[in-house]
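Student: Fold the following for me, if possible:
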Amino acid sequence: MTPLAARSTHEAHLYMDLQPCGCGAGRFPRAASVVALPDGDLARRYAGACERCGTGREFLFRLPAEPVGVEEGFRYGGAEQSLLIDAGEWLWVAEGHARGVPAGAAGLPAADRRRCEIRLTAAVAALDEVLKFVPPGGSRVPFTAVWTALGRSVYQREPGRFRTGRLTAVRSAYAGALRRLG
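Tutor: Down below sits the predicted model:
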């Protein structure tokens with residue numbers, strides 16, 4: 001099995017969740033172990049069985065040379081673009097997290113507000129990932145930055161969502177909602 005290039009554990013888990021089993025189920029319970037690769041590098045192996053059909057699932061991710069620092073807050077990866085998850089998938093993830101936050105979330109009980117904070121933090125981080133696909137000086141994410149069926153469907157449904165100005169405005173709105181929860 002060729003190891004995949006995940007930039008962080010968060011990205012690896014998200015990638016696995018975006019790869020459905022043959023039966024269509026997404027997430028699966030997984031055990032992790034660190035293994036040595038033939039070239040001497042280390043990798044993290046995730047394995048488990050699909051809860052729906054029992055099919056064994058396995059993924060292997062090369063550990064990054066430099067781990068993503070947590071001192072700057074939650075991030076899926078470093079400054080470079082993802083090689084695993086395309087711009088359309090990142091936008092789909094961001095929107096999914098944001099949809100899980102109800103209007104008026106600041107008035108919720110503390111535990112519910114914390115869940116909303118986690119969702120909005122992940123949404124902001126996913127939008128940061130989308131923005132990494134905008135070429136320097138560019139005004140939008142190019143269609144070449146989407147290579148999966150999900151990513152293409154998100155992009156083709158409304159290409160205007162991939163304009164830099166719109167992505168930045170949405171990110172700002174999510175970040176503002178996050179600040180109001182604090």
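
Student: Not counting residues beside it along the chain, what's closest to residue 88?
Tutor: Once flanking residues are discounted, residue 88 sits nearest to residue 151: 2.8 Å by CB to CB, 6 or more residues apart in numbering. Yep, even glycine has a C-beta here, placed from its N, CA and C like the rest.

Student: same thing with residue 115?
Tutor: Per CB to CB, 6+ apart, closest to residue 115 is residue 100, 8.0 Å.

Student: My read is that that neighbour contacts residue 121, right?
Tutor: No: counting by CB atoms under 8 Å, residue 100 sits too far from residue 121 to count as a contact (12.0 Å).

Student: So those two - more neighbours on which side?
Tutor: Between residue 100 and residue 121, counting by other CB atoms under 10 Å, residue 121 is the more crowded of the two (18 against 15).

Student: Please verify my assumption that that one contacts residue 94.
Tutor: No: using CB under 8 Å, residue 121 makes no contact with residue 94, being 11.0 Å away.

Student: Residue 101 - how many residues pack around it?
Tutor: 22.

Student: isn't there a strand covering it?
Tutor: No: applying DSSP: H, G, I helix; E, B strand; the rest coil, one finds residue 101 to be coil, outside a strand.

Student: Next, the contact list for it, please.
Tutor: Contact analysis of residue 101 by CB atoms under 8 Å, 6 or more residues apart in numbering lists 116, 119, 120, 123, 177.

Student: Could you do residue 108 as well?
Tutor: By CB under 8 Å, 6+ apart, residue 108 lies in contact with 102, 116.

Student: let's see it at 7 Å
Tutor: With contact taken as CB atoms under 7 Å, 6 or more residues apart in numbering, residue 108 is in contact with residue 116.
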